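A.B. asks: sequence and predicted model, in that order:
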Amino acid sequence: MLAALRQSLRMAKDLKTLQEEYRQLNKSCFILGASGETGKELLKQIVHSRLYSKVTVIGRRKLNYEDQAYKDVNQEVVDFEKLEEHSAAFQGHDVGFCCLGTTKAKSGEAGFIRVDHDYVLKSAQLAKAGGCQHFNLESSKGADKGSSFLYLRVKGEVEAEVEEIGFDRYTIFRPAVLMVDREESRPGEWLTRKLMVPIAHFFPTAYSVPVTTLVKAMLYNAVLPSDKKMELLENKAIHALGKMEEEKK
């Protein structure tokens, strides 16, 4: 996958040209998980890049934005336990970005499965029914439906089940440890990130990725032409794609 990605980057038009051509298509998108670190950065970059003519945030509560740049962002408040009652929120979007996720430590085992599997899968089903053509899923490095580790197994299971829905284009991103300063950082996460700093210096693409790089990879990938129904981007590919603009300079 990485070799093919590098080839496509070499053959790609100038990034600004690709983005402008994409804007002319007047596509609409939705974001799930916009209150999390990835979703928050994703919304920020989408708003400032103006890649989409309509942007909708789907979440369990309304988010407050003071920046006027967000004034045209639509918000749909849904009850994830009764998603089937909110099918209208998923209608009319060409592209979907799913950044939903929690942890077993925060939500318990049942809560983790409910969010990272049930909510994600049901949202994908509603998105497909609502006309979504390109579904982007933030997963995790090591995701494997056959794993003995709950976190990786659930991530792998939902990856496979979303693929079965049959989107025209389905992209899975498997980032390693996300490098970001969380507003509500848990002690274990804070320590992990501190330990990752020197490791990331010597092995920049192996064990971690800045959240800004992940988000750039998501948006650069969206504008790159593709005839593949399913794309799987591991951490190294995310780094390569996320730095596409730097390499073109």
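C.D. replies: Yep, that arrived.
A.B. asks: can we go C-alpha only for contacts and neighbour counts from here?
C.D. replies: Will do.
A.B. asks: buried ones in stretch 83-97?
C.D. replies: Using 16 or more other CA atoms under 10 Å as the test for burial, stretch 83-97 gives L83, H86, S87, A89, F90, Q91, G92, H93, D94, V95, G96, F97.
A.B. asks: among the residues you listed, name the ones in strands.
C.D. replies: Counting by DSSP state E, those place V95, G96, F97 in strands.
A.B. asks: contacts only, for the first one.
C.D. replies: Yep, that's V95 we're talking about. By CA atoms under 8 Å, 6 or more residues apart in numbering, the contact set of V95 is K27, S28, C29, F30, C132, Q133, H134, F135, N136.
A.B. asks: per-residue confidence for it?
C.D. replies: Looking at V95, its pLDDT is 98.
A.B. asks: after the worst-scoring helix or strand of the chain on mean pLDDT comes which helix or strand?
C.D. replies: Lowest mean confidence among the helices and strands of the chain (mean pLDDT, DSSP states H and E): helix 187-202, at a mean of 47. Later in the chain than helix 187-202, the nearest helix or strand by DSSP states H and E is strand 208-210.
A.B. asks: contact partners of that following strand?
C.D. replies: Strand 208-210 is touched from outside by P175, A176, V177, L178, M179, V180, M196, A200, N235, H239, with contacts defined as CA under 8 Å, 6+ apart.
A.B. asks: okay, the residue nearest to G130 when sequence neighbours are not counted: pLDDT?
C.D. replies: Closest residue to G130 apart from its sequence neighbours, by CA to CA, 6 or more residues apart in numbering: Q91 at 3.9 Å. pLDDT recorded at Q91 is 97.
A.B. asks: coming back round to it: of the buried residues of stretch 83-97, just say which sits nearest to R50.
C.D. replies: Of all those, R50 sits closest to V95, with 14.0 Å by CA to CA.
A.B. asks: ok, now how distant is that closest one from L63?
C.D. replies: 21 Å (CA to CA, to the nearest Å).
A.B. asks: same deal with Q125?
C.D. replies: Separation of Q125 from L63 (CA to CA): 24 Å.
A.B. asks: ok so, going back, out of the contacts of strand 208-210, which is most surrounded?
C.D. replies: Among the contacts of strand 208-210, the one with the most neighbours (other CA atoms under 10 Å) is P175, at 28 neighbours.
A.B. asks: which SS class is that residue?
C.D. replies: coil (DSSP: H, G, I helix; E, B strand; the rest coil).
A.B. asks: for it, phi and psi?
C.D. replies: Main-chain torsions, P175, degrees, to the nearest 10: phi -70, psi 150.
A.B. asks: next up, the contacts around it.
C.D. replies: Counting by CA under 8 Å, 6+ apart, the residues that P175 touches are E138, S139, S140, K141, S208, V209, L214, E234, N235, I238.
A.B. asks: in strands only, show me the residues you listed.
C.D. replies: Under the assignment DSSP E, the contacts of P175 contribute E138, S208, V209 to strands.
A.B. asks: count the neighbours of the last one for me.
C.D. replies: Neighbour count for V209, taken as other CA under 10 Å: 23.
A.B. asks: likewise the second one?
C.D. replies: Using other CA under 10 Å, S208 has 23 neighbouring residues.
A.B. asks: how about the strands in this structure?
C.D. replies: Under the criterion DSSP E, the chain contains strands at 28-32, 54-59, 74-77, 95-98, 134-138, 169-173, 177-179, 208-210, 230-233.
A.B. asks: who wins for proximity to D67 among the ones you listed?
C.D. replies: strand 74-77 (14.3 Å).
A.B. asks: in that closest one, what's buried?
C.D. replies: So for strand 74-77, counting by 16+ other CA under 10 Å, buried means Q75, E76.
A.B. asks: show me the residue sitting in the middle of the chain in space.
C.D. replies: Centroid check for the chain by CA atoms, centre = their mean gives E138 as the closest residue, at 4.0 Å.
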